[in-house]
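K.L.:
Sequence and predicted structure, then a few things I'm wondering about:
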Amino acid sequence: MKQKHGRWYTAVQALRTRLLRSRCLTATLAALTSLLAGCSELVLFNPKGPVGEIERFIILTAFALMLVVVLPVIAMAVWFTRRYRIGGGKEHEYLPKWSYSRNIELAIWLIPTVIVTALVALIWNSTYRLDPYTPIESTAKPVIIEAVSLDWKWLFIYPEENIAVVNELVFPSGVPLAFRLTSDTVMTSFFIPQLGSQIYAMAGMQTQLHLLAHNPGSYFGQNQQFSGTGYAHMTFEALATSPEEYSAWLDKLRQSPEALDMGRYEKLAKPTSGYPVTYFSSVAPDLFNLIIGKHCPKHEPEDSPGPRDQREPEDGSRAMRGEYSFKP
């Protein structure tokens, strides 16, 4: 059949080959399109603030520098395998006593040195630019937010407004955010991927973080540090709004019947998972510092007066009674 209808057979085979190539190309393009369409879900590569933009630049630059090494190595591995294979049809010089090549020595030392130097310069500058304790330059007055990590929820206190919210963070876009963070449980990590750096929240300590959102939007926030049974549900919505919407939100929150006094806080601090968004129209005075003071026992020298068993117990009870507060 092949010999009798050789021309037709060849034409059919050529058509089949073209169709297969066309299908493979279509499938490849479809896969690439789907992959690129999903880039919007890669929140680290879709930043919405200045800190996130710098971090994206660092990641992509470091990746490109590493490709300078990785791609040639892959290419040479394929090329060497093909060029020096047994029965390759070419005779190659056999050098059993070879031990040195100036060109190879230059390549294996110079290229990594240049790459490492570039990475060091990039990281050195970026470390200072992205210092979480450094305020973001802006003509707008920053919004101060005190974030407290609990089991398994986030408490956000707005000290200048004397209000608090559980598992919801609202702020105006284009305005710097100045966070003070602590934990009333184990160590956790506060992270809003599209806005920038994550930072740890630790009991008895205060950390700081400065962020900014360019435009209004809803951003995902979470605890990045494993902290027990309810860790997976320790998330919150970070909502950037216009200044007008932010003012309206504050007015709405001030009408809440809930008040966050010490008794209400003790109930809130109990381990619960999936805690609903809750608004508090007032907050106990200096609550953030009192929470830190719970985990900062009073230290006295060994030669202090009075028997040790008659001194104040080192369990933070004085802080909770308001007898002293921790001043960062």
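P.N.:
Received it, and whenever you're ready, just let me know what you need. Numbers count the residues shown, from 1 in each chain.

K.L.:
strand partners of the helix or strand hosting residue 155, parallel vs antiparallel please.
P.N.:
Using DSSP states H and E, residue 155 falls within strand 153-158. Using DSSP bridges, the strands paired with strand 153-158 are strand 143-150 (antiparallel), strand 163-166 (antiparallel).

K.L.:
Same list, the ones you listed, but as CSV with mean neighbour count please.
P.N.:
Bear in mind the C-beta positions are built from the backbone N, C-alpha and C, glycine included. Putting the strands paired with strand 153-158 into CSV (neighbours: other CB atoms under 10 Å) gives the following:
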stretch, mean neighbour count
strand 143-150, 22
strand 163-166, 23
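
K.L.:
To residue 206, which of those strands lies closest?
P.N.:
Of all those, strand 143-150 sits nearest to residue 206, with 9.1 Å by CB to CB.

K.L.:
now that closest one, how far from the centre of its chain.
P.N.:
Its chain's C-alpha centre and that of strand 143-150 lie 17 Å apart, by CA atoms, centre = their mean, to the nearest Å.

K.L.:
Same check on stretch 264-271?
P.N.:
Its chain's C-alpha centre and that of stretch 264-271 lie 28 Å apart, by CA atoms, centre = their mean.

K.L.:
Stretch 216-229 too?
P.N.:
9 Å.

K.L.:
same thing with stretch 236-250?
P.N.:
Distance of stretch 236-250 from its chain centroid, counting by CA atoms, centre = their mean, is 22 Å.

K.L.:
start to end distance for it?
P.N.:
18 Å (CA to CA, to the nearest Å).

K.L.:
For residue 241, find the nearest of the strands paired with strand 153-158.
P.N.:
Proximity to residue 241 (CB to CB) singles out strand 143-150 among the strands paired with strand 153-158, at 11.4 Å.

K.L.:
And residue 238, how close does it get to residue 196?
P.N.:
According to CB to CB, to the nearest Å, residue 238 and residue 196 sit 11 Å apart.

K.L.:
do residue 61 as well
P.N.:
Taken as CB to CB, the span from residue 61 to residue 196 is 17 Å.

K.L.:
and the top helix by length along the chain, what does it pack onto?
P.N.:
Counting residues, the longest helix found in the chain (DSSP state H) is helix 50-83. Contact here means 3 or more CB pairs under 8 Å, 6 or more residues apart in numbering; DSSP states H and E; on that basis helix 50-83 packs against helix 102-129.

K.L.:
So which other helices or strands are in contact with the helix it packs on?
P.N.:
Counting by 3+ CB pairs under 8 Å, 6+ apart, the packing neighbours recorded for helix 102-129 are helix 50-83.

K.L.:
buried ones in the helix it packs on?
P.N.:
50-52, 54-55, 58, 62, 65 (16 or more other CB atoms under 10 Å).

K.L.:
which sections of the chain are below the confidence cut-off?
P.N.:
Along the chain, segments meeting pLDDT under 70 span 1-41, 88-90, 297-328.

K.L.:
Let me see the ranges of the helices in it.
P.N.:
Using DSSP H, the helices found in the chain span residues 6-37, 50-83, 102-129, 243-254, 262-268, 287-294, 317-320.

K.L.:
that older thread, export the buried residues of helix 50-83 to TSV and tack on distance to residue 234?
P.N.:
Below are the buried residues of helix 50-83 laid out as TSV (distance: CB to CB, whole Å):
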residue	distance to residue 234
50	26
51	22
52	21
54	27
55	22
58	27
62	30
65	35
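
K.L.:
which residues are contacting stretch 245-254?
P.N.:
161, 163, 165, 170-172, 216, 241, 279-281 (CB atoms under 8 Å, 6 or more residues apart in numbering).

K.L.:
ok, now stretch 84-95?
P.N.:
Residues outside stretch 84-95 that contact it (CB under 8 Å, 6+ apart) are residue 82.

K.L.:
Alpha carbons of it, as PDB, please.
P.N.:
Only the C-alpha atoms of stretch 84-95 are listed here, as PDB (Å, rounded to 0.1, in the frame of the first residue of the first chain):
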ATOM      1  CA  TYR A  84      31.900  13.300  24.100                       C
ATOM      2  CA  ARG A  85      29.600  10.300  23.800                       C
ATOM      3  CA  ILE A  86      31.100   7.000  22.800                       C
ATOM      4  CA  GLY A  87      30.700   6.400  19.100                       C
ATOM      5  CA  GLY A  88      30.000  10.000  18.400                       C
ATOM      6  CA  GLY A  89      31.800   9.800  15.100                       C
ATOM      7  CA  LYS A  90      34.600  12.100  16.100                       C
ATOM      8  CA  GLU A  91      38.000  11.400  17.500                       C
ATOM      9  CA  HIS A  92      39.000  13.600  20.500                       C
ATOM     10  CA  GLU A  93      42.400  14.100  22.000                       C
ATOM     11  CA  TYR A  94      43.000  12.000  25.000                       C
ATOM     12  CA  LEU A  95      44.800  13.800  27.800                       C
END
